[in-house]
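Engineer: Sequence first, predicted model second:
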Amino acid sequence: MFDYDESINVEKKVGVSAEKAWEIISMPGSFTHWYPFLEKYAAESWTGIGSKNRHLTYYKGFDSDNDLTGLI
């Protein structure tokens, strides 16, 4: 459908440890809180890296299924 060859990166300092930040952003379903284009998120299983069959629904009606294989 689309062939995007660009990425968006944002950095912000927060007043918590890296461990606490990871705890918050890796919670099941947390994507909708920090990913502005995402309307709904569901995962068949959530174990962090290696999670399977994540289904993402975007506000414009685009859907995506994927597996979490790593983090940058």
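Structural biologist: Right, received. Where do you want to start?
Engineer: In terms of secondary structure, what does the least confident helix or strand in the chain by mean pLDDT contact?
Structural biologist: Comparing helices and strands within the chain by mean pLDDT, DSSP states H and E singles out helix 31-34 as the least confident, with a mean of 75. Identification of packing neighbours for helix 31-34 by 3 or more Cβ pairs under 8 Å, 6 or more residues apart in numbering; DSSP states H and E yields strand 38-43. Using the backbone N, CA and C atoms, a C-beta is placed for each residue, glycine as well.
Engineer: Tell me the strands beside the strand it packs on, with direction?
Structural biologist: On the basis of DSSP bridges, the sheet neighbours of strand 38-43 come out as strand 54-58 (antiparallel).
Engineer: In the partner strand, which of the residues would be classed as buried?
Structural biologist: Buried residues in strand 54-58, counting neighbours by 16 or more other Cβ atoms under 10 Å, are found at Arg54, Leu56.
Engineer: Can you show me the CA trace of it as PDB?
Structural biologist: Backbone C-alpha positions of strand 54-58 (Å, rounded to 0.1, in the frame of the first residue of the first chain) are rendered in PDB as follows:
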ATOM      1  CA  ARG A  54       0.300  -8.300  17.500                       C
ATOM      2  CA  HIS A  55      -2.600  -6.600  15.800                       C
ATOM      3  CA  LEU A  56      -2.500  -2.800  15.400                       C
ATOM      4  CA  THR A  57      -5.400  -0.600  14.200                       C
ATOM      5  CA  TYR A  58      -4.600   2.900  13.100                       C
END
